[in-house]
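Asker: what's the 3D shape of this:
(one chain, ligands or ions: 1)
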Amino acid sequence: MTTDRSKPRILVARAVFPDIIDRLSRHFAVEHNQGDAPWGPAELAVRLADKDGALTTGSERIDAALLAAAPRLKIVANMAVGYNNFDVDALAARGVVGTNTPDVLTETTADFGFALLLATARRITESEHYLRAGAWKRWRYDMFAGAEVHGSTLGILGMGRIGQGIARRGAHGFGMDVVYHNRSRLGPELEAACRARYVGTDELLATADHLVLVLPYSAASHHAIGAAELAKMKPTATLVNIARGGIVDDAALAAALRAGRIAAAGLDVFAGEPEVHPELLALKNVVLTPHIASATVATRRAMANLAADNLIAFFEGRGALTPVNAVRGA
Ligand code: DGY
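Answerer: Now for the predicted structure:
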């Protein structure tokens, strides 16, 4: 609830660690959503109408209509590194600063990308379901025989900080050959540190035994992996998506997995999440997790604190710490 009217007014759109609310309340009049009841665009617009700033998550769409209903709003601090929930042009048009939470989640998210790769290639969840269902009666030579990870070829699409973290884990920890594609090629020092080789997308798709997607979502990356791309992959390959739903065409992926055009997929993100394409839910050769790649207590705390730091620094006149757009005075 909102209390002190002499301070800037902040909306915290989703539940967050209680001490973050306490911290923000020392600086702002805070209205929060600790009950975590989902607020649709209409309710969000009403609640933002008198706010100077907001702490959001990737679930809240901040677009022109919402900004028009929030004339006092100066900053939106996303508790996520991805900010495809922001219409950045609309933010710029209204002079509103958007911020995200880079760096603090890089290693944790790379850990999870690797965990999902291993779970998928080594069929961990599928075999656990089998065991729990009481179906395990004896050892068999080919029981849940999966794909080799060590010494295989790791493909990475999107070579930002998280992609580089996955490359380092693959190259140095698992002796993998790492190939990557990115909008811009890394410098030689970073390539050497990641032991990664830059290739075109066709070579990436054709050579990867395990392809991990870590690119940001945008109109340009929508369905970057569809039927045509899946057809170029090895039939033994695994696909891992820890980036965003919508980068993969889920229907095409389900069809490819059903037909054995690729072996397996590990997915942490989905188009229209929390809904998951029903055909993916029906398949055994998919590991599905509910958008938790950055979910360790320490990292989620660091993300929440960085979002709060951005709001505090901005309203103290020090400028936002991690802006995603250039706004005068930010
Ligand atoms: C991020 O930080 O972008 C994660 O996907 C959580 O939303």
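
Asker: next up, the contacts around the residue nearest in space to the middle of the chain.
Answerer: Centroid-nearest residue in the chain, with C-alpha atoms, centre = their mean: residue 243, separated by 4.4 Å. By C-beta atoms under 8 Å, 6 or more residues apart in numbering, residue 243 lies in contact with 82, 158, 213, 214, 215, 216, 217, 269. In short, each C-beta sits where N, CA and C put it, glycine included.

Asker: 6 Å - rerun?
Answerer: When contacts are counted by C-beta atoms under 6 Å, 6 or more residues apart in numbering, residue 243 touches 213, 214, 215.

Asker: kindly report the same for residue 155.
Answerer: By C-beta under 6 Å, 6+ apart, the contact set of residue 155 is 179, 204, 208, 211.

Asker: that one and residue 225, how far apart?
Answerer: The gap separating residue 155 from residue 225 is 11 Å, by C-beta to C-beta, to the nearest Å.

Asker: tally of neighbours for the residue in the stretch 101-250 of the chain that the ligand sits nearest to?
Answerer: Nearest to the ligand, among the residues of the stretch 101-250 of the chain, is residue 105, at 5.6 Å (C-beta to the nearest ligand atom). For residue 105, the neighbour count with other C-beta atoms under 10 Å is 25.

Asker: state the distance from it to residue 161.
Answerer: Taking C-beta to C-beta, one finds residue 105 at 9 Å from residue 161.

Asker: contact residues of the protein facing the ligand?
Answerer: Counting by C-beta under 6 Å from any ligand atom, the residues of the chain lying close to the ligand are 58, 80, 81, 82, 105, 294.

Asker: the longest helix along the chain: how far from the chain's middle?
Answerer: Determined from DSSP state H, the single longest helix within the chain is helix 297-315. Mean-position distance between helix 297-315 and its chain equals 17 Å (C-alpha atoms, centre = their mean, to the nearest Å).

Asker: chain center to the helix or strand residue 191 falls within, what's the gap?
Answerer: Secondary-structure element containing residue 191, defined by DSSP states H and E: helix 188-194. The chain centre lies 24 Å from the centre of helix 188-194; the measure is C-alpha atoms, centre = their mean.

Asker: so what touches it?
Answerer: 164, 167, 168.

Asker: helices along this protein, start to end?
Answerer: Assigned by DSSP H, the helices in the chain fall at 18-25, 41-48, 64-68, 88-94, 106-121, 124-132, 161-168, 174, 188-194, 201-207, 227-232, 250-259, 278-281, 297-315.

Asker: so which of these is nearest residue 34?
Answerer: Of all the helices of the chain, helix 18-25 sits nearest to residue 34, with 6.9 Å by C-beta to C-beta.

Asker: residue in the stretch 151-300 of the chain nearest to the ligand?
Answerer: Closest residue of the stretch 151-300 of the chain to the ligand, C-beta to the nearest ligand atom: residue 294 (5.0 Å).

Asker: quick one: contacts for that residue?
Answerer: Residue 294 sits next to 105, 108, 109 when contact means C-beta under 6 Å, 6+ apart.

Asker: in contact with the first one, which residues?
Answerer: The contact partners of residue 105, taken as C-beta under 6 Å, 6+ apart, are 81, 294, 299, 303.

Asker: which two in these are spaced the farthest apart?
Answerer: Farthest pair in those, by C-beta to C-beta: 81 and 299, 10.7 Å.

Asker: neighbour count for the two, which is higher?
Answerer: More neighbours surround residue 81 than the other of residue 81 and residue 299, with 23 against 20 (other C-beta under 10 Å).

Asker: burial check on residue 188, number of neighbours?
Answerer: 8.

Asker: next: residue 326.
Answerer: 8.

Asker: for residue 133, same thing?
Answerer: Using other C-beta under 10 Å, the number of residues around residue 133 comes to 8.

Asker: mind pulling up the pLDDT for it?
Answerer: The score at residue 133 is 98. That number is its pLDDT.

Asker: what's the distance between it and residue 96?
Answerer: 51 Å.

Asker: then residue 44?
Answerer: Distance of residue 44 to residue 96, computed by C-beta to C-beta: 14 Å.

Asker: OK, contacts around the closest residue to residue 16 other than its chain neighbours?
Answerer: Of all residues not flanking residue 16 in the chain, residue 304 sits nearest, at 5.2 Å (C-beta to C-beta, 6 or more residues apart in numbering). By C-beta under 6 Å, 6+ apart, the contact list for residue 304 reads 16, 17, 20, 79.
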